[in-house]
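Student: Sharing a model prediction with you, sequence too.
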Amino acid sequence: MELLPSLLSTLRTVDPETVDQEYNAVRSQTSLLKRDLGLTTETGALKENIKKNRYKDILPYDQSRVVLSLMTSDSDHDYINASFIKGASSDRRYIGSQGPLSSTVTDFWRMIWQHDVKVIVMACREIEMGKKKCECYWSPVHQSAAFGPFTVYTQGETRPNEDLVVRALTVTYQQVTRSLVQYQFLSWPDHDVPYEAAGVLDLLERARNSQGTHTSPLLIHCSAGCGRTGVICALDYIHDLLVTKDQYQFIFTAVTFMFEQALQSSSQQLYSNLSELKKKPTRTPASSTKRQPQQTDMSDTYAVVNKPKQPHPPQPGPAYATVATPRTNSGSRSLPASHHYDNDSGGAPIYSTVRPRAKPSATPIYDIAAPTNQRQGEGPLAPSNNGEYQLLPAERLSQADDDYEDFSSSVTDMTNLCSPGGIGFNCRIQKPRGPRDPPAEWSRLER
């Protein structure tokens, strides 16, 4: 639409010579189109139809002429000097017709009834320059007139301006009545143009409003059905193109607006989610938090794991150590096949009792754990009659027995006792730093 002002400016300043050149070009293209499409006018040139033409040299094309199929008498034929004209949105938007003759008025109403015409645009007067240009095919106001089997009644007649007459007509055929509107433009002289365009544009606007949503063709006629009729069809055609372009452009505008709304909604949702994520979690007051009671059962926390079987050279130190074994459900004692855990018994943990050999004041630090494959009666721990293990002399421990370790009590560096390569993994677990208290049997020294 922004190009329209510049287009109008160009049209107002068009050189007449340029218009002549373009008109001649259009006529040449029309001749070529007629030849290429094989357009003919044979039907209108037939002897029985020649008298139905107002002008002998203005005939409808056979390919686009209106064929009358409604027969009201035995003398009716299918010919009328009228053609279908394609519109911007329909193949049969218009019917361009010559002004009816006295001998073709009935055919004219046959055509109107057959195609259910709702609007008629008449672009001529009945008499112009002293010559009959069109037969009157309506009746005086509030009167009826018969045209063959059709009865036409003029309900009313108005003059919105000096250029236009509007007539409300009804036509009855076989007891069926239909309504239609006729617009007669008075200020368009034959072989000439109106003195201004406003009157013609107003005529077309009124005709479109009366047509409304009806799909029937708009009937346009003048005297010959080509000059003024063609101009009105062209103007309405261009109007439809402009409206269609406006609607096409509106689609883009509406889609753009929808995209903007969708993006704005998405952005708001994104910012809302980010704001929720940035909020700090609400802390529960300390007073409302229920503390769990402390557990005193250490059997699920501490365990003694067997050392890897690697030989170590004997070192001076304590010679006696014993490790208590858990009692099974049946009451007998057994040694596990692989690892020994204090909490396997399901009860309170049982810890080893260490007895010094030589120096009463020395406190042995490490225990000698029972081997994983120890059998009863073998090794340094032998069962007694009451089912407990007894201490054996350190001299009975041979250096080939690599299932036991003997460490000296003279170790002073307590920070490196459990370092890799020192005593392996058979290390006494240090006292925990947590809130739990160690069991009473953590380490009982007997002197």
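Tutor: Arrived safely.
Student: okay, CA-based contacts and neighbour counts for the rest of this
Tutor: Noted.
Student: helices or strands up against the helix ranked longest in the chain?
Tutor: Across the chain, the helix with the greatest residue count (assigned by DSSP state H) is helix 227-278. Contact partners of helix 227-278 among helices and strands, from 3 or more C-alpha pairs under 8 Å, 6 or more residues apart in numbering; DSSP states H and E: strand 94-97, helix 198-211, strand 218-221.
Student: I'd say Pro146 and Pro140 touch.
Tutor: No, residue 146 isn't Pro; it's Ala. No. Checked against C-alpha atoms under 8 Å, the pair Ala146 and Pro140 is beyond contact range at 11.9 Å.
Student: So which residues make contact with the helix or strand containing Met111?
Tutor: Met111 is part of helix 105-114 when elements are defined by DSSP states H and E. Here helix 105-114 makes contact (C-alpha atoms under 8 Å, 6 or more residues apart in numbering) with 68-71, 80, 100, 135, 137, 147-150.
Student: Enumerate the positions of that helix that are buried.
Tutor: Residues of helix 105-114 classed as buried by neighbour count (16 or more other C-alpha atoms under 10 Å): 105-113.
Student: Serialize those to a markdown table and add fields for pLDDT.
Tutor: Putting the buried residues of helix 105-114 into a markdown table (pLDDT from 0 to 100) gives the following:
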| residue | pLDDT |
| --- | --- |
| Val105 | 97 |
| Thr106 | 97 |
| Asp107 | 97 |
| Phe108 | 98 |
| Trp109 | 98 |
| Arg110 | 98 |
| Met111 | 98 |
| Ile112 | 98 |
| Trp113 | 98 |
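Student: sorry, back to before: so which of the helices and strands packed on helix 227-278 gets nearest Ile238?
Tutor: With C-alpha to C-alpha as the measure, helix 198-211 is the member of those nearest Ile238 (11.7 Å).
Student: Report the buried residues of the closest one.
Tutor: Judged by neighbour count (16+ other C-alpha under 10 Å), helix 198-211 contains these buried residues: 199-200, 203-204, 207, 210-211.
Student: counting contacts, what elements does that helix pack onto?
Tutor: strand 119-122, strand 176-185, helix 227-278.
Student: what's the angle between that helix and helix 227-278?
Tutor: Between the axis of helix 198-211 and that of helix 227-278 there is an angle of 70 degrees, by axes from the mean of the first three to the mean of the last three C-alpha atoms, to 10 degrees.
Student: Show the average pLDDT along helix 198-211.
Tutor: The predicted model gives helix 198-211 an average pLDDT of 94.
Student: Next: stretch 250-270.
Tutor: Looking at stretch 250-270 alone, the average pLDDT works out to 82.
Student: repeat for stretch 232-240
Tutor: On average, stretch 232-240 scores 92.
Student: Buried residues, it. List them.
Tutor: Judged by neighbour count using 16+ other C-alpha under 10 Å, the buried positions of stretch 232-240 are 232-233, 236-237, 239.
Student: Could you dump the residues you listed into JSON lines and include distance to Ser266?
Tutor: Supplementary listing: these in JSON lines, determined by distance: C-alpha to C-alpha, whole Å:
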{"residue": "Ile232", "distance to Ser266": "51"}
{"residue": "Cys233", "distance to Ser266": "49"}
{"residue": "Asp236", "distance to Ser266": "45"}
{"residue": "Tyr237", "distance to Ser266": "44"}
{"residue": "His239", "distance to Ser266": "40"}
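Student: which among the residues you listed gets closest to Ser64?
Tutor: Comparing the buried residues of stretch 232-240 against Ser64 with C-alpha to C-alpha picks out Cys233 as the nearest, at 15.4 Å.
Student: low pLDDT regions in this protein?
Tutor: Where the chain drops to pLDDT under 70, the residues are 1-14, 274-447.
Student: Walk me through the domains of it.
Tutor: 26-252, 303-325+347-373+403-409 (automatic domain parsing).
Student: what are the ranges of the strands in this protein?
Tutor: Counting by DSSP state E, the chain has strands at residues 82-85, 94-97, 119-122, 127-128, 131-132, 144-147, 150-161, 164-173, 176-185, 218-221, 382-383, 389-390.
Student: nearest to Pro16, of those strands?
Tutor: Closest to Pro16 of the strands of the chain, according to C-alpha to C-alpha: strand 176-185, at 27.1 Å.
Student: Which other helices and strands does the closest one contact?
Tutor: The helices and strands touching strand 176-185, judged by 3+ C-alpha pairs under 8 Å, 6+ apart, are strand 119-122, strand 164-173, helix 198-211.
Student: can you do 10 Å?
Tutor: strand 119-122, strand 150-161, strand 164-173, helix 198-211, strand 218-221 (3 or more C-alpha pairs under 10 Å, 6 or more residues apart in numbering; DSSP states H and E).
Student: Strand 150-161 and the longest one, what's the angle between them?
Tutor: Direction vectors for helix 198-211 and strand 150-161, defined by the same axes, to 10 degrees, enclose an angle of 130 degrees.
Student: need the contact list for Lys34.
Tutor: By C-alpha atoms under 10 Å, 6 or more residues apart in numbering, the residues touching Lys34 are 28, 40, 61.
Student: and the residues you listed, which are buried?
Tutor: Using 16+ other C-alpha under 10 Å as the burial test, the contacts of Lys34 include 40, 61 as buried.
Student: what's the closest of the contacts of Lys34 to Ser89?
Tutor: When the contacts of Lys34 are ranked by distance to Ser89 (C-alpha to C-alpha), Tyr61 comes first, at 21.6 Å.
Student: Find the nearest non-adjacent residue to that closest one, please.
Tutor: When the adjacent residues along the chain are set aside, Tyr61 lies closest to Thr41, with 4.7 Å between them (C-alpha to C-alpha, 6 or more residues apart in numbering).
Student: and the one you found, how many residues sit next to it?
Tutor: The number of residues packed near Thr41 is 15, by other C-alpha atoms under 10 Å.
Student: Verify the contact between it and Ile50 for me.
Tutor: No. Judged on C-alpha atoms under 10 Å, Thr41 makes no contact with Ile50 at a distance of 11.4 Å.
Student: which residues are common contacts for these two?
Tutor: Counting by C-alpha under 10 Å, 6+ apart, the common neighbours of Thr41 and Ile50 are Leu59.
Student: which residues touch Asp116?
Tutor: Taking C-alpha under 10 Å, 6+ apart as the contact definition, Asp116 lies against 110, 178-180, 214-218.
Student: how near is it to Ser216?
Tutor: Spatial separation of Asp116 from Ser216 under the definition C-alpha to C-alpha, to the nearest Å is 6 Å.
Student: any idea which of the buried residues of helix 198-211 is closest to Phe84?
Tutor: Sorting the buried residues of helix 198-211 by distance to Phe84 puts Gln211 at the head of the list, at 17.0 Å, by C-alpha to C-alpha.
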